[in-house]
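**Q** model the following, please.
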Amino acid sequence: MSDSPVLKYISAGAWSLVEPLISQRAKTLLSTLIEFMENDVLPSEKLFHAQIPTDSPEARWASVPPILEELKDKAKQKGLWNLWLSGGDFQGMAGGQGGGLSNLEYAVMAETMGHSAILAPQATNCSAPDTGNMEVLARYGTSKQKDKYLVPLLKGEIRSSFAMTEYGVASSDATNIRNTTALPSSNSGKLIVKGHKWWITGAGDPRNAIHIVLAMTDPQNPSPHKRHSLVLVEPRLQGVKVVRPLTVFGYDDAPEGHCEVVYDGVEIDVESGVVGGRAGLGKGFEIIQARLGPGRLHHCMRTIGIASRALDILLQRVSDPNRKTFGKYLREHGTVIADIAHSRAEIDSARLLVLAAARRIDIAGAKGAMQDIGIAKFTVPSMALKVIDRAMQVHGAEGISQDTPLAYYYASLRTLRYADGPDEVHIQQIGKNELKRVEKLNQKSAKINKESDKLLRENGKVKAKL
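**A** So this is what the prediction gives:
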């Protein structure tokens, strides 16, 4: 065990807990993934960013760094393709290369990929929002929709977007989503999509071939959870306008981007344009709940890896003899030592939350794991932000510049506290779930108190001091 390459990426204690649940096939894949990360992905990061054009804004959105396609080919050859695909419903969907891994097994791999959070997931076809969109199409799409969109997504030939958040609407309460509609045309019988979305990840990518859009299709339905459907809008159809890429602390995330998008009278057919065809009408909320659970946890898995890499960068900086202050290495200052210790403890603690949630999905499904996923969702990004902030601090001004990846990590993970539901929504739900335990706790306490009073009387005592 001491020689296992995985111990360079997760703690020995965590590996001891999960190793008996990891198949030999997954262990072999994990070793291959680590080699791929260290020999191919991490050395390619600087080239990837250097290949994104800087000469004009238009050029940044017109091409994809060539090194990415090279890495994708290598990943396919090594069997590291579509690793996110779990067993059960997804067996065989990736031609044997991805299907069959448990969520727990993928959690360890996703954390490893988090050490190159931009490049590694794309190179292995494990990127959001594509993974969630593939899951939607696999579970709910018609056979024609799967052939047209799912198959090329699985092959990594196209990319996709998930258009939910609306401009000018408090979208953290999804029942508020109302300015995007897909209603029947009085003339053609087709659905006409009209709406205004923003923060649509991947909408700027030249490879993008499909937007899965949450739209209101039955505004008068008495149930607010049956008014919406997921509709399929190809970005090159007439009426689709990508207004602008939005920046996060100045980062535009080209060539993918997080974009503002207007759908102005886009015509789609009901059977081919609604996820699941006509049978999918009114099932928008049902579908997105199934989509969001595992996806939220995938983000958390990678985030552990990002935090671990930030700590690695911190350790190297504080041990650099060229960075001594007041005659001491930075690591010799007490506050820095404390920061290192707290970072290690926080990363290792958060990892256990993620592994527990992944294991829970394997046992009870995403719906049965919502409590575990929710706790991880609002805990892990905040933890990682603290670790990254400490790493930035020991770098001084360099830590907030483009000369280290730390500022970008911080921007990305600060965004994650909103993505897939803001922290407050998950915290409120977890708190409500905990309060549901009160009645049983009261019953338990009453039974214990009754027995306790009986024992006191039998032993001639009136009251104990506790």
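**Q** quick one: least confident helix or strand in this protein?
**A** helix 57-60 (a mean of 87; mean pLDDT, DSSP states H and E).
**Q** quick one, helices of the stretch 251-400 of the chain?
**A** Remark: helices assigned in the stretch 251-400 of the chain by DSSP state H, counting those that start in this stretch are 270-273, 284-318, 334-368, 370-394.
**Q** picking that back up, packing partners of the least confident helix or strand of the chain?
**A** Judged by 3 or more Cβ pairs under 8 Å, 6 or more residues apart in numbering; DSSP states H and E, helix 57-60 is in contact with no other helix or strand. C-beta: built from backbone N, CA, C; applies to glycine.
**Q** list the contacts of that helix.
**A** Under the contact criterion Cβ atoms under 8 Å, 6 or more residues apart in numbering, helix 57-60 has outside partners 52-54, 252, 254-255.
**Q** name the nearest residue to the residue nearest the centre of the chain, ignoring sequence neighbours.
**A** Centroid check for the chain by Cα atoms, centre = their mean gives H299 as the closest residue, at 2.5 Å. Closest residue to H299 apart from its sequence neighbours, by Cβ to Cβ, 6 or more residues apart in numbering: L416 at 5.8 Å.
**Q** with I313 instead?
**A** A391 (5.4 Å).
**Q** let me see the domain layout of this protein.
**A** 5-126, 159-282, 286-438 (automatic domain parsing).
**Q** which of the ones you listed comes out lowest on mean pLDDT?
**A** Per-segment mean pLDDT for the domains of the chain reaches its minimum on domain 5-126, at a mean of 90.
**Q** for it, measure first residue to last.
**A** For domain 5-126, the first-to-last residue distance is 22 Å (Cα to Cα, to the nearest Å).
**Q** follow-up on the earlier one: show me what the following helix or strand past the least confident helix or strand of the chain is packed against.
**A** Remark: after helix 57-60, the chain's next helix or strand is helix 66-77, criterion DSSP states H and E. Here helix 66-77 touches helix 42-50, helix 119-123, going by 3+ Cβ pairs under 8 Å, 6+ apart.
**Q** would you mind finding the most buried of those?
**A** With neighbours defined as mean count of other Cβ atoms under 10 Å, the helices and strands packed on helix 66-77 peak in mean count at helix 119-123, which reaches a mean of 26.
**Q** which residues outside that helix are in contact with it?
**A** Helix 119-123 is touched from outside by 37, 40-41, 44-45, 48, 68, 71-72, 74-75, 110, 112-114, 126-128, 302, with contacts defined as Cβ under 8 Å, 6+ apart.
**Q** got a list of contacts for the helix or strand following it?
**A** Going down the chain from helix 119-123, the next helix or strand is helix 130-140, by DSSP H and E. With Cβ under 8 Å, 6+ apart as the contact definition, helix 130-140 has outside contacts at 84, 89-90, 93, 145-146, 149-150, 153-154, 159-162, 202, 210, 212, 230, 275-276, 280, 283, 287, 290-292, 294-295, 298.
**Q** CA atoms only: put helix 130-140 into PDB for me.
**A** Taking Å, rounded to 0.1, in the frame of the first residue of the first chain, the C-alpha atoms of helix 130-140 are listed here in PDB:
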ATOM      1  CA  ASP A 130     -21.800  17.600 -20.800                       C
ATOM      2  CA  THR A 131     -21.900  14.800 -18.200                       C
ATOM      3  CA  GLY A 132     -25.200  16.000 -16.800                       C
ATOM      4  CA  ASN A 133     -26.600  16.600 -20.300                       C
ATOM      5  CA  MET A 134     -25.600  13.100 -21.400                       C
ATOM      6  CA  GLU A 135     -27.300  11.700 -18.300                       C
ATOM      7  CA  VAL A 136     -30.500  13.600 -19.200                       C
ATOM      8  CA  LEU A 137     -30.500  12.300 -22.800                       C
ATOM      9  CA  ALA A 138     -29.600   8.800 -21.700                       C
ATOM     10  CA  ARG A 139     -32.400   8.500 -19.100                       C
ATOM     11  CA  TYR A 140     -35.100  10.500 -20.800                       C
END
